[in-house]
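Engineer: Turn this into a model:
(4 chains)
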Protein chains: 2
Amino acid sequence: MSSSSAASIGQPPPPAPPPEEEKKCLNSELWHACAGPLVCLPTVGTRVVYFPQGHSEQVAASTNKEVDGHIPNYPNLPPQLICQLHDVTMHADVETDEVYAQMTLQPLNPQEQNDAYLPAEMGIMSKQPTNYFCKTLTASDTSTHGGFSVPRRAAERVFPPLDFTQQPPAQELIARDIHDVEWKFRHIFRGQPKRHLLTTGWSVFVSAKRLVAGDSVLFIWNEKNQLLLGIRHATRPQTVMPSSVLSSDSMHIGLLAAAAHAAATNSRFTIFYNPRASPTEFVIPLSKYIKAVFHTRISVGMRFRMLFETEESSVRRYMGTITEVSDADPVRWPSSYWRSVKVGWDESTAGERPPRVSLWEIEPLTTFPMYPSLFPLRVKHPWYSGLACLYHVESKISVVGAISLHYCC
Amino acid sequence: MSSSSAASIGQPPPPAPPPEEEKKCLNSELWHACAGPLVCLPTVGTRVVYFPQGHSEQVAASTNKEVDGHIPNYPNLPPQLICQLHDVTMHADVETDEVYAQMTLQPLNPQEQNDAYLPAEMGIMSKQPTNYFCKTLTASDTSTHGGFSVPRRAAERVFPPLDFTQQPPAQELIARDIHDVEWKFRHIFRGQPKRHLLTTGWSVFVSAKRLVAGDSVLFIWNEKNQLLLGIRHATRPQTVMPSSVLSSDSMHIGLLAAAAHAAATNSRFTIFYNPRASPTEFVIPLSKYIKAVFHTRISVGMRFRMLFETEESSVRRYMGTITEVSDADPVRWPSSYWRSVKVGWDESTAGERPPRVSLWEIEPLTTFPMYPSLFPLRVKHPWYSGLACLYHVESKISVVGAISLHYCC
DNA sequence: TTGTCTCCCCAGGGGAGACAA
DNA sequence: TTGTCTCCCCTGGGGAGACAA
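Structural biologist: Model prediction:
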């Protein structure tokens, strides 16, 4: 009955207004910050390569169910589909704030594929904001007693400066989350020794977002002087529920049948890419694919580097050696470049690294100059339609070979 | 740091133990009570009719997205598939407690269909427990001040009797929910005038189950002297989130492709039936289908009755008139019996009643005696394989015509 | 009979510095 | 510099009867 007269600090924020336009763009900086430093989205209007195999991996990870034998074969569905990327929209799960992207793809028809020339179409670099910080929550941060301890340098860099003539110095922070919901916090500099703390408003945020120790929060102070606030839940095992809408088998079939149908009719189809659930990106820029598959020679025994995200959401290189080049799934997906490289990892933490990677994920240490490789790595395999045309593309590549191709991510 | 020494009343119950066996049967009484009085599940081992069209309706309702034009046609997928029902398991969503059933179906091959005779295979009547009560929560029940007001007759009938020599009479109730999690409540008879209340433990339950005014709780006192506790969330609009795993288009395609593949290979497939999300049951006992389609004559203008669940989760008959008999979706599903009857409803609350129903849902007021109708209603339509064989079945039906066929539900 | 209100009282949580890693 | 602990104080919620629909 109490009329909420004042939107005072510490009040739970009103629920997000119902999205009038579903397509409403959410903040791209924040999305990328939540997605992590290695995630990049291809540019709208460019051509990409879609791997149903990788999509299948994501669905398997999301439904906690590996694909089994009951899936029909789609003989007309190649392991990779070259597509026009018509649309990319960024989203975040309303319940969990988990970021994901929706992409509308249209497989090229053979004619279009032959018309192709190699553009310098790379993805949008996952532009990590400059003025931001990310902290993994401690037990104290999430406990019922007290607020959030802000790392000193982070507070000084990212938060608006405090008026230190006050005793103690304090201010109200207003930050918007990925759904554009406003959260208010009391930011105070106190204690002995002095430290930055978020007090009032913090516990409401923690419980609303269901944060626990080990999860991360990140604050961004952008060019428009907006304070943005994102979360990253720690990758809890078994966090994704199997849907009660459709069996995981039917989901797998749906993904494959939708892609096969789109390929057969050259019509658009829609996929979701879930960066933090999916083991690997399965829609990559065509140019990145071409560079990796046709312009990089690799061989067994070759050393390589590969980027991974660290616990603290920065980037680290891991070293490894190529041990084999073969089909990841010779039965279902013969002659696929998806995870065609079997690798060994230098470090003993290799349990967390994938045993198989794709060519475009790795950076071989011995590189060849950028000229068309007339003898691609795996000539023994028959070429699929999508690949056959790429051959023709290559002769044009040499012309534009001087153009510096920069990796996405 | 406080060691939880006592599992005293009012403590939040421990989280459900990780299900060691996914297939673990949950309480059937409770499942049916939560599902509602009209829901029945076909018996394992019997034959059923599966309607991809109805399944599609459920997926559309669950994803909040109607099927649009991008769905490929599956010319070999008939509007109804006669299947052997190999397995039915009852489940409840871990997050929301929403009940659903998983069924494993295997389409009969033509040979099996011809071998068919009409068994008296009806579904398991949704056995509503005798000793139970269901109450829609009031604002006071869910407010932070005070507990749950138990209707007097309900408390006397369903709860263990109180010792009225005590002042005030009170006891500890232990009830198990659908996940077999224990909840403890203080049951007390006090106030002026006297009434039954659940106090300690109630608010923990309300917040754990995220109950709000308008939702319902139900208590069952079964033959084994167990107290069971179920919830039914009010049908909130837009409650089901669109999944970020697979696009709704791909889900629709998946459902159809999975059924088509199973029909083509006579292999098993798995579906989820979500009684409270799905507009109508889409897996029904074969015998019920045959009786409705072949042994009931209906015509335009005919009056009929149909059962609906009321707000208070009891059953009510609504009256209507048949206005048309036609295909619900002539383009995608021609010659389908799914919602082939267009109806008008007597009451002005007709907005909530469906404009189209299926034959087996209604009870025509003018019934004909039970003999084979040699001229089924819609002879103009070509018969699908699944139906053609039913013709042959009919001659055998007449032999067993004396067997009383009782409706499921 | 039962839904809502108000009142009372206390447990638990927010907010502070102490202290140590 | 910052994570954890403890202490203090106060709010918000549980638990009671009053009262009315």
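
Engineer: For the rest of this, base every contact and every neighbour count on C-alpha atoms.
Structural biologist: Fine.

Engineer: by contact count, what packs against the helix or strand hosting A:A260?
Structural biologist: Using DSSP states H and E, A:A260 sits within helix A:248-265. Packing partners of helix A:248-265 (3 or more Cα pairs under 8 Å, 6 or more residues apart in numbering or on different chains; DSSP states H and E): helix A:52-63, strand A:99-107, strand A:269-273, helix B:248-265.

Engineer: Please verify my assumption that A:P151 contacts A:F189.
Structural biologist: No - judged on Cα atoms under 8 Å, A:P151 makes no contact with A:F189 at a distance of 11.4 Å.

Engineer: measure A:S216 to chain B for me?
Structural biologist: Here A:S216 is placed at a distance of 21 Å from chain B (Cα to the nearest Cα, to the nearest Å).

Engineer: no, scratch that, I was asking about A:V150
Structural biologist: On the measure of Cα to the nearest Cα, A:V150 and chain B end up 24 Å apart.

Engineer: Correct me if wrong: that residue contacts A:K194.
Structural biologist: No - in terms of Cα under 8 Å, A:V150 does not count as a neighbour of A:K194; the distance is 11.3 Å.

Engineer: the more surrounded of these two?
Structural biologist: Neighbours were counted for A:V150 and for A:K194 using other Cα atoms under 10 Å in any protein chain shown; A:V150 has more, 20 against 11.

Engineer: Next, find the distance separating the more buried one from A:D163.
Structural biologist: 17 Å (Cα to Cα, to the nearest Å).

Engineer: Equivalent analysis for A:M302, please.
Structural biologist: Taking Cα to Cα, one finds A:M302 at 58 Å from A:D163.

Engineer: Between the two, tell me which one has more neighbours.
Structural biologist: Legend: neighbour count by other Cα under 10 Å for A:M302 and A:D163, higher for A:M302 (16 against 11).

Engineer: Wait, the more buried one touches A:P364, no?
Structural biologist: Yes - judged on Cα under 8 Å, A:M302 makes contact with A:P364 at a distance of 7.1 Å.

Engineer: show me what contacts A:V44?
Structural biologist: For A:V44, the contacting residues are A:L85, A:H86, A:D87, A:V88, by Cα atoms under 8 Å, 6 or more residues apart in numbering or on different chains.

Engineer: so where does the last one fall, helix or strand?
Structural biologist: What it means is A:V88. strand A:81-92.

Engineer: May I have that strand exported as CSV, CA atoms only?
Structural biologist: Extracted as CSV, the C-alpha positions of strand A:81-92 are listed here (Å, rounded to 0.1, in the frame of the first residue of the first chain):
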residue,chain,number,x,y,z
LEU,A,81,28.0,-23.5,-45.5
ILE,A,82,29.1,-20.3,-47.0
CYS,A,83,26.4,-17.7,-46.2
GLN,A,84,25.6,-14.1,-46.5
LEU,A,85,25.2,-12.7,-43.0
HIS,A,86,22.1,-10.6,-43.1
ASP,A,87,21.6,-9.7,-39.5
VAL,A,88,23.4,-9.9,-36.2
THR,A,89,21.7,-8.8,-33.0
MET,A,90,23.0,-9.0,-29.5
HIS,A,91,20.8,-10.3,-26.7
ALA,A,92,21.0,-11.2,-23.1
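
Engineer: Based on its surroundings, how many neighbours for the closest residue to DNA strand C within the stretch 251-400 of chain A?
Structural biologist: Across the stretch 251-400 of chain A, the shortest distance to DNA strand C (Cα to the nearest atom of the strand) belongs to A:E312, at 19.7 Å. Look at A:E312: counted by other Cα under 10 Å, it has 10 neighbours.

Engineer: Strands of the stretch 1-150 of chain A, start to end?
Structural biologist: Counting by DSSP state E, counting those that start in this stretch, the stretch 1-150 of chain A has strands at residues A:47-50, A:81-92, A:99-107, A:132-136, A:148-150.

Engineer: scratch that, the stretch 251-400 of chain A
Structural biologist: A:269-273, A:283-285, A:303-309, A:315-325, A:341-345, A:356-357, A:362-364.

Engineer: Output these in JSON lines; the columns should cover distance to chain B and mean pLDDT.
Structural biologist: Listed next are these as JSON lines, based on distance: least, Cα to the nearest Cα, whole Å; pLDDT from 0 to 100:
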{"stretch": "strand A:269-273", "distance to chain B": "6", "mean pLDDT": "96"}
{"stretch": "strand A:283-285", "distance to chain B": "15", "mean pLDDT": "95"}
{"stretch": "strand A:303-309", "distance to chain B": "23", "mean pLDDT": "93"}
{"stretch": "strand A:315-325", "distance to chain B": "26", "mean pLDDT": "93"}
{"stretch": "strand A:341-345", "distance to chain B": "27", "mean pLDDT": "95"}
{"stretch": "strand A:356-357", "distance to chain B": "23", "mean pLDDT": "96"}
{"stretch": "strand A:362-364", "distance to chain B": "27", "mean pLDDT": "93"}
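
Engineer: and these, which is most packed in?
Structural biologist: Stretch with highest mean neighbour count among those: strand A:283-285 (a mean of 25; mean count of other Cα atoms under 10 Å in any protein chain shown).
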